[in-house]
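Student: show me the folded form of this:
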Amino acid sequence: MIDSIKNVFKVKEIRMKLLFTFLMMIIIRFGCQLPVPGVDRNYFADWFAQQTGDTFSFVDAFTGGSFLNMSILALNITPYITSSIIIQLLTIAIPKLEEMQREGEEGRKMMTAITRYVTVALALLESSAMAIGFGRQGLLEEFNALNVIMVIATLTAGSAFLMWIGEQITVKGIGNGISIVLCINIISRMPQDIVALFTQFVVGKTIAIGAVAAVIIIAVILVMTLMVILLNDAERKIPVSYAQKINGRRFTAGQTSVIPLKVNTAGVMPIIFASSLMEFPGIISTLAGYKGTGIWSEVLRYLSSSYWCNPSYIKYSLGLVLYIVLLIFFAYFYTSITFNPIEIADNLKKRGGFIPGIRPGRPTSEYLNRILNYIIFIGAIGLTVVGILPFIFRGLFNASISFGGTSLIIVVSVVLETIKQVESMMLVRNYKGFLND
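Tutor: Numbers count the residues shown, from 1 in each chain. Here you go, the predicted structure:
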């Protein structure tokens, strides 16, 4: 491993890309500390302390604490993520977008441009809701038109700037820029969460109890990380054979290949979809100034993960059942819009390829769809286990861990993909990579 790291820095191109990525990370973390002008920074600290739910904890985790600090990057890349999801969903509903997606490089450029415009529009909408909704409740030092406009402009510009940084990392740095931005935000929160866990369960306890608690905490983190790695890398390889070809008087021998079907085909998107849908009513209620009384407050408690698996509020755990159902549903839904068995079968048929024992065309697409449904269910169950473990620990032991579920899957996936990209660049230069060390 040490030799592999040394070899990475021997290559100037990789060294410069890593340096550029690191500098961008520093800029991001610096921007997360710069306050928005005209905002009372103590407002959110006091406001969060009064909250019994965790409606905005999901947002704050994705923004690396900049939402709680109300910095110029408070919106972070959440508008871009939402925009990407919307465009992907609209692709199956609007034929024009579907045509763009299939037009190669030019089509992808147009889709990227549309995603940018939608991102700015969403950032403008979200910043307006925050400036007006929270501003009325005391976020702004002076609630007037000038301050509201200044906050909206600052937050929108901050989100657009971060989107630009993500694109620059993709082009000039290492890995997918947007994923890197999201990953560094989540990682920045982990040290303080780990310290909080050890303070809660280890510090002040007897040596025996403290040691057992420390071992359990470390074991849970390692087991969850291992589960995420296995879930991320697991795949079902479908063998594909290609018929012999005649080139003049020569026969070209048939080749073999595989179609890799990832067990977790949808990645972290089902958790993001399900979590966002469950938290959306709470966010709207908070921005509207709802005080949490009556029947609607009961509904919000069922939807809030802070009440799940808690013996004192056991009835609200029914919300966890709804969350699991949504997670499994979105695992199938997202895969259905990103993986098309009919298109794969048609491409194989055009290239003279076939799955051994399966006839080309419709039988191939039906076979792929059958296998896909099976492995999606396995992936969804694995995703559910990883996703609900943090809720179980929070409910039973009052242990809030941001390195579980969504956050852990994102971090592990980004780290593995980045390592693979570095490896591919190293192998071109005949160096041994990290994973082959």
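Student: quick check: residue 240 is in a strand.
Tutor: Yes - Residue 240 forms part of a strand when assessed by DSSP: H, G, I helix; E, B strand; the rest coil.
Student: now it: how far from residue 365?
Tutor: The gap separating residue 240 from residue 365 is 14 Å, by Cβ to Cβ, to the nearest Å. Quick note: C-beta positions are derived from backbone N, CA and C, even for glycine.
Student: ok now do residue 97, which residues does it touch?
Tutor: Contacts were defined as Cβ atoms under 8 Å, 6 or more residues apart in numbering; by that measure residue 97 touches 87, 90, 91, 111, 114.
Student: out of those, which are buried?
Tutor: 87, 91, 111, 114 (16 or more other Cβ atoms under 10 Å).
Student: doesn't the first one lie inside a helix?
Tutor: Just to be clear, that refers to residue 87. Yes - read with three-state DSSP, residue 87 is one of the residues of a helix.
Student: contacting residues for residue 122?
Tutor: 79, 82, 83.
Student: mind running it again at 10 Å?
Tutor: When contacts are counted by Cβ atoms under 10 Å, 6 or more residues apart in numbering, residue 122 touches 75, 78, 79, 80, 81, 82, 83, 86, 156, 159.
Student: residue 125 is in contact with the third one, correct?
Tutor: In other words, residue 79. Yes - between residue 79 and residue 125 a contact is recorded at 8.4 Å, counting by Cβ atoms under 10 Å.
Student: overlap in contacts, the two.
Tutor: Common neighbours of residue 79 and residue 125 (Cβ under 10 Å, 6+ apart) are residue 156.
Student: quick one: which of those two has more around it?
Tutor: A side-by-side neighbour count of residue 79 and residue 125, using other Cβ atoms under 10 Å, places residue 79 first with 25 against 13.
Student: just the element for that one, please.
Tutor: Assigned by DSSP states H and E, residue 79 falls within helix 78-91.
Student: determine the longest helix present in this structure.
Tutor: With secondary structure taken from DSSP state H, the chain has its longest helix at helix 362-397.
Student: where does pLDDT dip in the stretch 151-300 of the chain?
Tutor: 244-254, 287-293 (pLDDT under 70).
Student: quick one, helices of it?
Tutor: 177-201, 207-233, 269-287, 295-303 (DSSP state H, counting those that start in this stretch).
Student: of those helices, which is nearest residue 334?
Tutor: Comparison of the helices of the stretch 151-300 of the chain against residue 334 by Cβ to Cβ identifies helix 269-287 as nearest, at 4.9 Å.
Student: buried residues, that closest one. List them.
Tutor: Buried residues in helix 269-287 (16+ other Cβ under 10 Å): 269-276, 278-279, 281-283, 285-287.
Student: before we move on, what about stretch 373-386?
Tutor: 375, 376, 379, 380, 381, 382, 383, 384, 386.
Student: can you put those in TSV and add pLDDT?
Tutor: Shown next, in TSV, are the buried residues of stretch 373-386 (pLDDT from 0 to 100):
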residue	pLDDT
375	89
376	88
379	87
380	88
381	89
382	86
383	85
384	86
386	83
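Student: in the residues you listed, find the pair that's most separated.
Tutor: Checking the buried residues of stretch 373-386 with Cβ to Cβ, the most distant pair is 375 and 386, at 16.4 Å.
Student: coming back round to it: give me the common contacts of residue 240 and residue 365.
Tutor: Contacts common to residue 240 and residue 365, judged by Cβ under 10 Å, 6+ apart, are 344, 348, 358.
Student: and which of those residues is nearest residue 407?
Tutor: So of the shared contacts of residue 240 and residue 365, ranked by how close each gets to residue 407 (Cβ to Cβ), first place is residue 344, at 32.3 Å.
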